[in-house]
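Colleague: got a predicted structure here, sequence first:
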Amino acid sequence: MHSEKQLLQRAKDFDLEALEEIFNRYNDGLYRYAYRLLGDASMAEECVSETFNRLLQAFHNDKGPDKYLRAYLYRIAHNWIAAYYKKHTQPDLNLELVLDHLSEADDNTASIAEINMQREWIRKAIIDLPVPQQTAIVLKYFEGWSNKEIAAIMKKTVGAVKALENRGISNLKKKIQIESVRRDRHGSR
């Protein structure tokens, strides 16, 4: 393993071993991040591919990071995902239809399907958050980043990141409560 500074310098010179090391170091994490927000494997792969492509373009244009490579890559992925959702707004999940279908299935299938549906709904609820709250929550709770690392990618103070996390969690709780009431009104489990 090379230091990040050495690795970046070699990558900017298009050293194939350095570029491969960057890819191997960050590919899986970027994919998990993109998949959690997109919920689609092929779109997550496209996001990661475009992230590395944009890094190479930055290097080609004598730009790109001198440090904080991970934050730089996640920022590119974050921006790609935000642009994707601006272009491709998804309709809300029709929970009533899904729940009606689940009530007809056997208990084991229904419980697995219910869990998958809840995961999907939570993913969509996170995506509905303002982008800064969304980023802070996904990086903190799904990717395990520290507040200091999140602050670097978001170009904010650690205190501002904590505030974004708290507001995001509060907004998610409200969405979950609203969804719970909505489901109870329709006689769902």
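Modeller: Cool, got the structure.
Colleague: average pLDDT across stretch 57-68?
Modeller: Summarised as a single mean, pLDDT over stretch 57-68 is 91.
Colleague: and it, C-alpha only, in PDB?
Modeller: Output in PDB follows, covering the C-alpha atoms of stretch 57-68 (Å, rounded to 0.1, in the frame of the first residue of the first chain):
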ATOM      1  CA  GLN A  57     -11.100  13.000 -16.900                       C
ATOM      2  CA  ALA A  58     -10.000  15.200 -14.000                       C
ATOM      3  CA  PHE A  59      -6.500  13.700 -14.000                       C
ATOM      4  CA  HIS A  60      -6.400  14.200 -17.800                       C
ATOM      5  CA  ASN A  61      -7.300  17.900 -17.300                       C
ATOM      6  CA  ASP A  62      -4.600  18.300 -14.600                       C
ATOM      7  CA  LYS A  63      -7.300  18.500 -12.000                       C
ATOM      8  CA  GLY A  64      -8.500  16.100  -9.400                       C
ATOM      9  CA  PRO A  65      -7.700  15.800  -5.700                       C
ATOM     10  CA  ASP A  66      -4.300  16.200  -4.100                       C
ATOM     11  CA  LYS A  67      -5.600  14.600  -1.000                       C
ATOM     12  CA  TYR A  68      -8.900  13.100   0.400                       C
END
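Colleague: list the buried residues for that stretch?
Modeller: Buried residues in stretch 57-68, counted by 16 or more other CB atoms under 10 Å: 59, 64, 65. Heads up, the C-betas are built off the backbone N, CA and C, glycines and all.
Colleague: do the same with stretch 162-174
Modeller: Residues 162, 164, 165, 167, 168, 169, 171, 172 are the ones in stretch 162-174 that count as buried (16+ other CB under 10 Å).
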